[in-house]
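Visitor: Sequence first, then the predicted structure, then my questions.
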Amino acid sequence: MSESSEIIKNYLSQGKKVLTEFESKELLEKIGIPITKQKLTSDKSDAVRFANEIGYPVVMKLMADDVVHKSDAGAVKLNLQNKDEIEKSYDELMSIPSKSEKKINIQKMADEPITEIIIGMTTDPQFGPALMFGIGGILVELLEDVSFRIAPIEKFDANEMIHEIKGFPLLDGFRGKPKADIDAIIDALLKVSNLVIQNPEIYEMDLNPIFIYHSGLICVDARIILKD
Amino acid sequence: MTKLFFYPKTIAVIGATADPKKFGNAVTINILENKDLQSELFLISPRNQEIHGLKTYNSVIDVPKDIDLAIILVPASIVELIVDQCIEKKVKRIIIVSAGFGEIDEKGKKIEAEIAKKCKEVGIRVMGPNCVGIQNIDIGLNASFIQSAPKGNIGMVSQSGSFGCACFYEMEQHDLGCSKFANIGNNIDVSFGEILEFFKEDENTQIICIYLETITDGKAFYEIMKNIIPLKPIIALKGGRTTSGMKAASSHTGSMATDYKMLKTAIEQAGAVMCENVSDYITAIKTFSFLPLPKGEKIGVLTNSGGSSVLFSDKAEEFGLKLAEFSKELKEKMAPQLISLVKMVNPLDMIGVAEEEQYYNITKAMLEDPGIDIAVSCLVIPPFLEMKSDEHYRGIIRAWNDTGRGKPVIPLIMFSEGFQNLKDLAKKEKTTIYFTPHEAAYAIKILIDRMKILQLNK
């Protein structure tokens, strides 16, 4: 059994359906998709230590099962530059009302990308696991500029998925910006395809946003949902 | 085997009647219509001694021969009873035309499940209920209550019988036709996929057309399409795009994956053509029926009307098509044929004075040019200079014939539906006409898409 399968079996045996951002990204890292360096803690000085280790600026997010829409709840603190800001943010985040266990996910703040993209996966009742690609961020559901494929996909399909969205010019040197690393997106799509084919227990995934650069990409937030 | 539905040696029509107001009569007449049909017909009717000169039987059990195909047209309330008789008779295939089952209510669904189970146990395959029946035009069998499809090389499977009926009217107009037709109705047993599998093997079927509303065996359907695509083109149209009944999704991805989008994804990923509307559907059928695939993507356009070629170019851009750059050789070859006012650019506007000879020479020059893969001959039929309404089209066809029909020619003759002489000419010459820029550009798009898919499958 592959490492990812073992991790998923383990979550299922705990009765877990929705993986947290931390857990989701941890799994993605295991299959070779770059993620922001992250640490889960409920200790303020530990948060500071980790920030010093990975370097500033950092991002802190409140992890609590009942806080789903993190940005709406003010549970995300961006661009923290030093120890003082971390400590202040830590207190603020921990004071957000929640009935669940609270932890802080502290992570490296990713550099400004060319644009944000989304890679997703869903299980269609007719066609089984399917993959999605699109321009990410908060407008993704409004504009629905996304492409789908039935899994598994090959390199050709991944390449087509990227090229067929209307927003493709954003990845292709739009308004003097550098061109995005298409090969890195293809690679990530293929890795997600492999993951979901190997693990039919996965029901849905959002890798949103992924920051895309001229060279490489980094998954900034993710959500993995397992089958009932 | 699905084949036996289409090639039965013996057929029983259960619920046959002489009453012209009943479907049991329509199916009987349609089967009897072809005097050369080799299949033997038995009519089952407890009320009539004789129908259309044929002896009738009280029950299928009384028929002295084995029955390959039973077509059931009795009221829904007694269908199950009749199915039991078919099972006793060891009928091999059943088509239930009768309606009033799963499409109505839960009780109907239960009866369907019961029939499906019974038949499965004894190995009888069932189509329907709630369908118009099937046709095998190749052997002259119309085992349905709609008119016979025109003869041709299209295998059509439709979830709606009346849509098939409507398509036949339209096909007739364009000199298109079917090899086989099936309307599988509520498909309690034989699935879309199985019909496709049969069309794949069927020699007379060169093009496969699908009309569907719901799909029940998605993954199998997708895999079968993928297997067929290297051999035959598939053209699909989906009715019903409501998002009701969508699964609850807790991810962005799930909330955007509507049933329609996923079906479209599957069909296109398999390499089939997913049409957005009925007119694209007919355009696609026309295109695969009459035109060869191109070897490349470069398009040469000629016209006698600036407007039509500009409108075509707009559509071409919308579909991501590429107009060729004329080579020096091509320009030199074309120039002597044209008046000096003509600018040697693509689209080539030969102006309203262009006659049959110009259409012939320039279309031919483009088709012979290695830098052009597809020729679009645009035309507005000139109402002046004593030109004949069909002369330009004659020139186009001649150029195509003289170049061995090796490359696709798109005759875009704007709004010429009213010219019966052009349609007759198309029929006689086994070619087609595109009436709007959208149609023409769409035709090229699907030809190029299929060319690419076949290259990929090599």
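Guide: Sure thing, it's come through. Everything quoted here is computed from the prediction, not taken from an experiment.
Visitor: quick one: average confidence on stretch B:255-266?
Guide: When the per-residue pLDDT values of stretch B:255-266 are averaged, the result is 90.
Visitor: touching chain A at all, it?
Guide: Yes. Using CB under 8 Å from any CB of the partner chain, stretch B:255-266 reaches chain A at B:S255, B:M256, B:A257, B:D259, B:K261, B:M262, B:L263, B:T265, B:A266. For the C-beta atoms, the positions are set from N, CA and C on the backbone; glycine is no exception.
Visitor: Find the helix or strand that the first one is a member of.
Guide: Under the criterion DSSP states H and E, the helix or strand holding B:S255 is helix B:252-256.
Visitor: swap in the last one?
Guide: Assigned by DSSP H and E, B:A266 belongs to helix B:259-270.
Visitor: how about that helix: buried residues?
Guide: B:D259, B:K261, B:M262, B:L263, B:K264, B:T265, B:A266, B:I267, B:E268, B:Q269, B:A270 (16 or more other CB atoms under 10 Å in any protein chain shown).
Visitor: Touching the next helix or strand after it from outside, list them.
Guide: Proceeding N to C from helix B:259-270, the next assigned helix or strand is strand B:273-275, under DSSP H and E. By CB atoms under 8 Å, 6 or more residues apart in numbering or on different chains, the residues outside strand B:273-275 that reach it are B:233-238, B:264, B:267-268, B:281, B:284, B:446, B:449-450.
Visitor: and if we set it to 6 Å?
Guide: The contact list for strand B:273-275 (CB atoms under 6 Å, 6 or more residues apart in numbering or on different chains) reads B:I235, B:A236, B:L237, B:K264, B:I267, B:E268, B:Y281, B:A284, B:I446.
Visitor: Let's see the pLDDT reported for the last one.
Guide: B:I446 is assigned a predicted lDDT (pLDDT) of 97.
Visitor: Measure how whichever helix or strand it is part of sits relative to helix B:259-270, angle-wise.
Guide: When secondary structure is defined by DSSP H and E, B:I446 falls within helix B:437-456. Using axes from the mean of the first three to the mean of the last three CA atoms, to 10 degrees, the direction of helix B:437-456 lies 50 degrees away from that of helix B:259-270.
Visitor: Helix B:437-456 close to chain A?
Guide: No. Under the criterion of CB under 6 Å from any CB of the partner chain, helix B:437-456 makes no contact with chain A; the nearest approach is 6.7 Å.
Visitor: hang on, the earlier thing: which two among the buried residues of helix B:259-270 are spaced furthest apart?
Guide: Spatial extent of the buried residues of helix B:259-270 (CB to CB) is set by the pair B:D259 and B:A270 at 16.7 Å.
Visitor: how close does B:T253 sit to A:I224?
Guide: Going from B:T253 to A:I224 by CB to CB, to the nearest Å gives 11 Å.
Visitor: chain center to the helix holding B:S255: distance?
Guide: Remark: helix B:252-256 is offset 33 Å from the chain centroid, using CA atoms, centre = their mean, to the nearest Å.
Visitor: so B:F168 touches B:A149, yeah?
Guide: Yes. The pair formed by B:F168 and B:A149 meets the contact definition of CB atoms under 6 Å, at 4.8 Å.
Visitor: So the two - more neighbours on which side?
Guide: Here B:F168 and B:A149 are compared on neighbour count by other CB atoms under 10 Å in any protein chain shown; more neighbours surround B:A149, at 25 against 20.
Visitor: Excluding chain neighbours, what is closest to that one?
Guide: Once flanking residues are discounted, B:A149 sits nearest to B:C178: 3.7 Å by CB to CB, 6 or more residues apart in numbering or on different chains.
Visitor: Show me which residues of chain A sit near chain B.
Guide: Chain A comes close to chain B at residues A:120, A:122, A:124, A:126-128, A:132, A:140-141, A:144, A:146, A:148-150, A:204, A:206, A:225, as judged by CB under 6 Å from any CB.
Visitor: Which parts of chain A are strands?
Guide: Counting by DSSP state E, chain A forms strands over residues A:18-19, A:38-41, A:58-63, A:76-80, A:103-108, A:115-124, A:128-135, A:146-150, A:202-212, A:217-219, A:222-226, given from the N-terminal end onward.
Visitor: For the fifth one, give me every contacting residue.
Guide: By that I understand strand A:103-108. A:22, A:36-42, A:47, A:50, A:54, A:58-61, A:63, A:93.
Visitor: Repeat that for the last one.
Guide: By CB under 6 Å, 6+ apart, the list of residues contacting strand A:222-226 from outside reads A:17-19, A:24-25, A:28, A:201, A:203-207, B:250.
Visitor: Sort out which of those are buried, if you could.
Guide: Using 16+ other CB under 10 Å as the threshold, A:V18, A:L19, A:S24, A:K25, A:L28, A:Y203, A:E204, A:M205, A:D206, A:L207 are the buried ones among these.
Visitor: May I have the secondary structure class of B:A284?
Guide: Assigned state for B:A284: helix (three-state reduction, DSSP: H, G, I helix; E, B strand; the rest coil).
Visitor: er, B:M156 I mean
Guide: Per three-state DSSP, the local secondary structure of B:M156 is strand.
Visitor: List the contacts of it.
Guide: B:C178, B:F181, B:C209.
Visitor: in what helix or strand does the closest residue to it other than its chain neighbours lie?
Guide: Of all residues not flanking B:M156 in the chain, B:C209 sits nearest, at 4.4 Å (CB to CB, 6+ apart). Per DSSP H and E, B:C209 falls inside strand B:207-212.
Visitor: any idea which helix or strand of chain B has the worst average confidence?
Guide: helix B:252-256 (a mean of 84; mean pLDDT, DSSP states H and E).
Visitor: B:N361: which of the contacts of strand B:273-275 is nearest?
Guide: Within the contacts of strand B:273-275, proximity to B:N361 (CB to CB) peaks at B:I446, which comes in at 28.8 Å.
Visitor: what's the burial count for the closest one?
Guide: Other residues within reach of B:I446 by the criterion other CB under 10 Å amount to 20.
Visitor: all helices of the stretch 351-458 of chain B, in order?
Guide: Assigned by DSSP state H, counting those that start in this stretch, the helices in the stretch 351-458 of chain B fall at B:356-368, B:391-402, B:420-429, B:437-456.
Visitor: out of these, which comes closest to B:F290?
Guide: Across the helices of the stretch 351-458 of chain B, the minimum distance to B:F290, taken as CB to CB, is reached by helix B:420-429, at 8.5 Å.
Visitor: got the angle for that closest one vs helix B:391-402?
Guide: If you take the same axes, to 10 degrees, helix B:420-429 sits at 10 degrees to helix B:391-402.
Visitor: For helix B:420-429, give me every contacting residue.
Guide: With CB under 6 Å, 6+ apart as the contact definition, helix B:420-429 has outside contacts at B:D175, B:D390, B:Y393, B:I397, B:S416, B:T432, B:I433.
Visitor: Go ahead and measure how far it is from the middle of the chain.
Guide: For helix B:420-429, the separation from the chain centroid amounts to 21 Å (computed by CA atoms, centre = their mean).
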